[in-house]
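1. The sequence isn't on hand, but the structure is:
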Ligand SMILES: Cc1cc2nc3c(=O)[nH]c(=O)nc-3n(C[C@H](O)[C@H](O)[C@H](O)COP(=O)(O)O)c2cc1C
């Protein structure tokens, strides 16, 4: 329905006062915003000038660039960013070695107050990072309350620069510290408290549980992933290089989305944290990404790299795309689909082993590049034959349905996976397809069951 998309985009871009549609309205941990799209704490949100322009363009809210207690932070004066690009030079991953705000605290607070006064309907959350001392939190929290901000986000996530000073991910990697500091904050403010988690841990459920135990109203994740994006082959310096030396930075952008989605799902389906509001962050670039985070339980989403890549105007596509999809699916409100995918995330042993598929190649779409053949022959199950005239055909007797051919094929929908139906024969196993559910523990060849029996 192209005309409808056009109409929606116009509504979002031409009328800034009334550019949000009611069904995107969000209440996240008591914080209202006209849509679920917030700018994440980062350079896009580090001053009134940026934030005002973003909110005018239609962003539902912002998390202000992390504030600390003065004395001021001093950033590097060489390049702050490293990157990983796709072949078309699209930005897949961004790495940064930037610290928290290097602007004076007083100036930031004045600007936050002004923005909240000018945009009372938008979510304005202030990200904070101060030393691990209760007095430090007692000092900064009243200053933030004075701005009338809607909430605070505790930055327990940044993996570089501040963690060496005992803050950021140095706190987020120790569940006891997370609980302790969250409790201090809860005891000293009336504002909702969002704890921003680091992905630089082994099991995200533990820090999330710690946040909840400390009284957090919500968690947000992910912050950036510790990373070195590249090494210069002439100077042998990691990039970004500061006078011949580099350091690990924080990785974000489209490349981290799968990691973030899994972590969000882990928290959403953990019985101990189920129901804890989650603000999903990590690689969100278009409305589809946002819908996926919401389906896995997020109540709001935050965006950084996409705004730093394309500018603030992407909000028009984010909101209109999400709204159109919701209309098509019959969802009136965000809550109607929030978390709908959580029950479909399961552990491996519960997957249905009687669900059998085979690869199918659409000869009309095939461009005869042979990539499916090469990878299947060399690295998989020798299940694709090359015939005369360079046509490619799946050998059902060998196909284990691994899906690699689908993933390497450069043509959309040229290779698809077709489900065998009850009564069909799986030529690979010689067995008829049974239309029942079978999991690992029920399976006759189950190694675990054998081991248990032997014991
Ligand atoms: C240059 C840069 C600076 C950032 N600074 C902060 C910060 O001050 N506080 C914070 O909590 N997160 C900071 N982040 C992390 C982002 O808020 C976000 O968690 C991360 O970039 C993942 O989202 P994305 O994939 O949409 O970029 C920063 C990210 C970038 C790229």
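-> Great, that's in hand. Quantities reported herein were computed from a predicted structural model and do not represent experimental measurements.

2. Give me every residue in the protein lying close to the ligand.
-> 40-43, 65-66, 94, 96, 98, 100, 127, 155, 157-158, 196, 223-224, 252-253, 256, 281-284, 303-306 (CB under 6 Å from any ligand atom). For glycine as for every other residue, the C-beta is placed from the backbone atoms N, C-alpha and C.

3. Contacts only, for the closest residue to residue 176 other than its chain neighbours.
-> In this structure, residue 176 finds its nearest non-sequential neighbour in residue 210, 7.1 Å apart by CB to CB, 6 or more residues apart in numbering. Contact partners of residue 210, counting by CB atoms under 8 Å, 6 or more residues apart in numbering, are 175, 176, 178, 179, 182.

4. Filter the residues you listed down to the buried ones and express that as a PyMOL selection.
-> Buried members of those, defined by 16 or more other CB atoms under 10 Å, are picked up in PyMOL with:
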select buried, resi 175+178+179+182
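
5. and which of the contacts of residue 210 is nearest to residue 87?
-> residue 178 (40.3 Å; CB to CB).

6. hang on, the closest one packs against residue 195?
-> Yes. Assessed by CB atoms under 8 Å, residue 178 is found in contact with residue 195 at 6.6 Å.

7. domain ranges for this protein?
-> 2-344, 348-454 (automatic domain parsing).

8. Quick one: mean pLDDT over the shortest one.
-> Confidence over domain 348-454, taken as the mean pLDDT, stands at 91.

9. swap in the first one?
-> This predicted structure assigns domain 2-344 an average pLDDT of 91.

10. most remote residue from this protein's center?
-> residue 388 (45.9 Å; CA atoms, centre = their mean).

11. before we move on, back to that, right, so the domains of the chain: which one is the most enclosed?
-> Highest mean neighbour count among the domains of the chain (mean count of other CB atoms under 10 Å): domain 2-344, with a mean of 20.

12. what's near enough to touch residue 175?
-> Here residue 175 is in contact with 206, 207, 209, 210 (criterion: CB under 8 Å, 6+ apart).

13. Looking at the stretch 151-300 of the chain, which residue is nearest the ligand?
-> residue 252 (3.2 Å; CB to the nearest ligand atom).

14. Show me what that residue bridges to in the sheet.
-> residue 94 (DSSP bridges).

15. Look up how far residue 23 lies from it.
-> Residue 252 sits 29 Å away from residue 23, taking CB to CB, to the nearest Å as the criterion.

16. before we move on, back to that, mind putting the contacts of residue 210 into JSON lines with secondary structure?
-> Putting the contacts of residue 210 into JSON lines (DSSP: H, G, I helix; E, B strand; the rest coil) gives the following:
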{"residue": "175", "secondary structure": "helix"}
{"residue": "176", "secondary structure": "helix"}
{"residue": "178", "secondary structure": "helix"}
{"residue": "179", "secondary structure": "helix"}
{"residue": "182", "secondary structure": "helix"}
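
17. Just read off the phi/psi values of residue 360.
-> Dihedral angles of residue 360 (phi, psi; degrees, to the nearest 10) stand at phi -130, psi 130.

18. Now it: closest residue in space, sequence neighbours ignored.
-> Distances taken as CB to CB, 6+ apart put residue 418 closest to residue 360, at 4.8 Å, once the chain neighbours are dropped.

19. give me every residue that touches the one you found.
-> Per CB under 8 Å, 6+ apart, neighbours of residue 418: 357, 358, 359, 360.

20. Name the SS class of it, please.
-> From three-state DSSP, the assignment for residue 418 is strand.

21. show me what contacts the residue of the stretch 151-300 of the chain closest to the ligand?
-> So residue 252 contacts 93, 94, 95, 96, 224, 225, 282, 283, 304, 305 (CB under 8 Å, 6+ apart).

22. Please report how far it lies from residue 281.
-> Residue 252 sits 8 Å away from residue 281, going by CB to CB.

23. Distance from the lengthiest helix in the chain to the middle of the chain?
-> Counting by DSSP state H, the longest helix found in the chain is helix 314-329. With CA atoms, centre = their mean, to the nearest Å as the basis, helix 314-329 stands 18 Å off its chain's centre.

24. elements contacting that helix?
-> helix 2-14, strand 37-39, helix 48-57, helix 287-295 (3 or more CB pairs under 8 Å, 6 or more residues apart in numbering; DSSP states H and E).

25. Quick check: residue 95 touching residue 238?
-> No. Counting by CB under 8 Å, residue 95 does not reach residue 238; the two are 9.7 Å apart.

26. Identify the contacts common to those two.
-> Going by CB under 8 Å, 6+ apart, residues that sit against residue 95 and also against residue 238 are 82, 228, 229.
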